[in-house]
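Trainee: model this:
(one chain, ligands or ions: 1)
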Amino acid sequence: MATCLHDISMRFPGGKKKCLTLSYDDGHTQDVRLCELMKKWNIAGTFNINTGMYPPEDTILSSDYKGRLTRSKYKEVYLSAPLFEIATHCYTHPFINKLSLGQVAYEIMEDRKNIEADFGGICRGHAYPYGVYSKDIIDLFKTCGIAYARTTKATLSFNIPDNWLELNPTCHHAHPDLMKLADTFVNDSPVKDPWLFYLWGHSFEFDNNNNWYIIENFFEKVANKEDIWYATNIQVCDYTNAYKSLQFSADGRTIHNPTSIEIFLRCDNKIDLRIAPGDTIAVD
Ligand SMILES: [Zn+2]
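Mentor: Numbers count the residues shown, from 1 in each chain. Below is the predicted model:
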């Protein structure tokens, strides 16, 4: 009789051990430059916007204009490449811990509705404005169809989140350890559980602090690596949840993938497996 499996680790699509994702908030004009850089380096990521705060359509977005993009410009910028996910950041960027839960529900659903109208699909991502939330808000977000919600608490790690509605990033782009973390991420490799590098910030900070070199240097270091999956936030969330949905026999040697996503995993640190959607495999 075959022995039971002892150890199973998730791998990202293609069997990759690492994933990079970005999360940038508020949708200011500097997102245009950030999107161009992401396209140049093939970096995917998520932009969290407030659809109740668009400036008038006739706003002239000249080089000295500082503020949010117009609705039409949002569509032009974020639909220019398949690298970008648009997620909620509430309708009007309030302190949601100061609102009634009914008001919070409105802030989320109104933002979701507008994002879905302009960008298509089902909007299920969120970043907490000002990083504030509560247990009641997390419960409400589940009801409102939100799959993940990002905080502002740096983990300085590459751990896969336990709770996707309390999604703590690796760090903000201004963290002094950013390039040290990037060096480790690129040059080292996880043995068992895969690594997620989750970077967040606001693109206007690069102008305010005259430090676009931070993100340019970061992209140059981490881009176009064969062992890194470059994904939006919802892609990582959906993939991880699909992995958690795998069904195992008692000895772990028969595995069924009930999802619509192709899943990769590593067993006993020596067997690499790929399980097609709906497929059942036997591990020798
Ligand atoms: Zn914000």
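
Trainee: Just the buried positions in stretch 195-209, please.
Mentor: 195-206 (16 or more other C-beta atoms under 10 Å). C-beta coordinates here come from the backbone N, C-alpha and C atoms, glycine included.

Trainee: ok, now stretch 8-26?
Mentor: Those would be 8-12, 16-26, for stretch 8-26 by 16+ other C-beta under 10 Å.

Trainee: Then stretch 112-132?
Mentor: 112, 114-115, 118-119, 123-129.

Trainee: Farthest-apart pair in those, please.
Mentor: Using C-beta to C-beta, the buried residues of stretch 112-132 span at most 21.9 Å, a distance reached by D118 and Y128.

Trainee: Now do the same contact list for the residue nearest the centre of the chain.
Mentor: Centrality entry for the chain: nearest residue to the mean C-alpha point is N233, 1.8 Å, by C-alpha atoms, centre = their mean. By C-beta atoms under 8 Å, 6 or more residues apart in numbering, the contact set of N233 is 21, 23, 45-46, 85, 87, 125, 148, 150, 167.

Trainee: now the strands: where do they sit in the stretch 51-200 of the chain?
Mentor: 84-88, 125-127, 148-150, 171-172, 195-201 (DSSP state E, counting those that start in this stretch).

Trainee: any chance of those strands in a markdown table, with mean pLDDT and distance to A182 too?
Mentor: Formatted as a markdown table, the strands of the stretch 51-200 of the chain follow (pLDDT from 0 to 100; distance: least, C-beta to C-beta, whole Å):
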| stretch | mean pLDDT | distance to A182 |
| --- | --- | --- |
| strand 84-88 | 97 | 21 |
| strand 125-127 | 98 | 21 |
| strand 148-150 | 98 | 19 |
| strand 171-172 | 98 | 10 |
| strand 195-201 | 98 | 8 |
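
Trainee: To the ion, which of those lies closest?
Mentor: The ion lies closest, by C-beta to the ion, to one member of the strands of the stretch 51-200 of the chain: strand 125-127, at 7.0 Å.

Trainee: wait, does that closest one contact the ion?
Mentor: No - figure legend: strand 125-127 not in contact with the ion (C-beta under 5 Å from the ion); closest approach 7.0 Å.

Trainee: Pull the distance from that strand to the chain's centre.
Mentor: Strand 125-127 sits 9 Å away from the centroid of its parent chain (C-alpha atoms, centre = their mean, to the nearest Å).

Trainee: Give me the pLDDT value at whichever residue of the chain sits closest to the ion.
Mentor: Going by C-beta to the ion, the ion is nearest to D25 of the chain, at 4.0 Å. In this prediction, D25 carries a pLDDT score of 98.

Trainee: okay but it is in contact with A127, surely?
Mentor: Yes - with contact defined as C-beta atoms under 8 Å, D25 and A127 form a contacting pair (5.5 Å).

Trainee: for stretch 51-65, how far is the first residue from the last?
Mentor: End-to-end distance of stretch 51-65: 19 Å, with C-alpha to C-alpha, to the nearest Å as the criterion.

Trainee: How about that stretch and the ion, touching?
Mentor: No - Stretch 51-65 lies out of reach of the ion by C-beta under 5 Å from the ion, never closer than 10.0 Å.

Trainee: still on that earlier bit, any shared contact partners between D25 and A127?
Mentor: 48, 89, 200.

Trainee: how close does the residue of the chain closest to the ion get to P277?
Mentor: D25 sits 33 Å away from P277, going by C-beta to C-beta, to the nearest Å.

Trainee: Surely D268 and S9 touch.
Mentor: No - with contact defined as C-beta under 8 Å, D268 does not count as touching S9 (9.6 Å).

Trainee: for A231, what are its contacts?
Mentor: 12, 19-21, 44, 239.

Trainee: Make CSV out of these and add distance to M38.
Mentor: Listed next are the contacts of A231 as CSV, based on distance: C-beta to C-beta, whole Å:
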residue, distance to M38
F12, 19
C19, 15
L20, 11
T21, 11
A44, 7
Y239, 20
